[in-house]
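A.B. asks: Whatever this is, show me its structure:
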Amino acid sequence: MQIASVIPVKTFSKAKSRLGLSQDKTQQLCKIMLEEVLSAISQSQANKTIIVSRDEEAFEIARKYNAVEIFEEKENGVNAAVALSEKYLKENGFDASIVFPQDIPLIRPQDIDALIQFQKTAQSLLVVPSRKFDGTNALLRSPFDVMETHYDEDSYKIHLTTGKSRNIPTSFVLINRMMWDVDDRSDLEFIMRNIEKPDLSEKLRNL
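C.D. replies: Prediction:
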């Protein structure tokens, strides 16, 4: 089975306003987090990574990991970005996709492999929630167009209920490191204290 990872990347300078950081520090933080996610994916069982963005700095990072670049003419949200990736997935014979956000820097390759192992049937939907059980921090769709995405709308619950309402085999999967995203300063402080990735903690402290 050919599985692609899709990462919609918002323009760094416009991201993470709730953190209250300067624009320069916000951009540096976004670069660090994206690199952590790309590094984990590159060492996992996923076959290809796709970046959808209009930020050249994001593409520069993506090139280090041989990711496919899809330029977004206008930022219309995560759902539109994911939809842009589907033409590439179809043309290149992918069976499934996993949508990841750029802000889950604790993720490790084995977390991605564990999620893939949960995928047992040709048609399925696997949802990894955010730790607050409101957002979706990973969404595995098989096939990749089995259902449209519903980000920015209490997405975790909507993905689950929509999948089940359409009789798609649907499950939620709890993978701790995937569930830690960075939305506010307390999230950032938690990750800086995390001992699993000391290099990441050091980079964040130096922002």
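A.B. asks: Would you mind measuring from the residue nearest the centre of the chain to I195?
C.D. replies: With distances taken as CA atoms, centre = their mean, F100 lies nearest the centre of the chain, 1.4 Å away. For F100, the distance to I195 equals 23 Å [CB to CB, to the nearest Å]. For every residue, glycine as well, the C-beta is placed using N, CA and C.
A.B. asks: thinking again about what came up before, from what I can see the residue nearest to the centre of the chain touches S5, true?
C.D. replies: Yes - using CB atoms under 8 Å, F100 is in contact with S5, at 5.9 Å.
A.B. asks: if we can go back for a sec, the residue nearest to the centre of the chain: what's it in contact with?
C.D. replies: Listed by CB atoms under 8 Å, 6 or more residues apart in numbering, the contact set of F100 reads 5-7, 37, 41, 107, 137-138.
A.B. asks: farthest pair in the residues you listed?
C.D. replies: Using CB to CB, those reach their maximum pairwise distance at V6 and I107, which is 14.5 Å.
A.B. asks: out of those two, which sits in the more crowded spot?
C.D. replies: V6 (29 against 26; other CB atoms under 10 Å).
A.B. asks: Helices of the chain, start to end?
C.D. replies: With DSSP state H, the ranges of helices along the chain come out as 23-42, 56-63, 78-91, 109-117, 155-165, 176-179, 185-193, 198-205.
A.B. asks: Output these as a markdown table; include the columns mean neighbour count.
C.D. replies: Formatted as a markdown table, the helices of the chain follow (neighbours: other CB atoms under 10 Å):
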| stretch | mean neighbour count |
| --- | --- |
| helix 23-42 | 19 |
| helix 56-63 | 16 |
| helix 78-91 | 17 |
| helix 109-117 | 17 |
| helix 155-165 | 18 |
| helix 176-179 | 18 |
| helix 185-193 | 14 |
| helix 198-205 | 14 |
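A.B. asks: Reformat those helices into JSON lines and put distance to T149 and mean pLDDT next to each item.
C.D. replies: Below are the helices of the chain laid out as JSON lines (distance: least, CB to CB, whole Å; pLDDT from 0 to 100):
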{"stretch": "helix 23-42", "distance to T149": "18", "mean pLDDT": "95"}
{"stretch": "helix 56-63", "distance to T149": "20", "mean pLDDT": "97"}
{"stretch": "helix 78-91", "distance to T149": "5", "mean pLDDT": "97"}
{"stretch": "helix 109-117", "distance to T149": "16", "mean pLDDT": "98"}
{"stretch": "helix 155-165", "distance to T149": "7", "mean pLDDT": "97"}
{"stretch": "helix 176-179", "distance to T149": "17", "mean pLDDT": "97"}
{"stretch": "helix 185-193", "distance to T149": "23", "mean pLDDT": "89"}
{"stretch": "helix 198-205", "distance to T149": "28", "mean pLDDT": "88"}
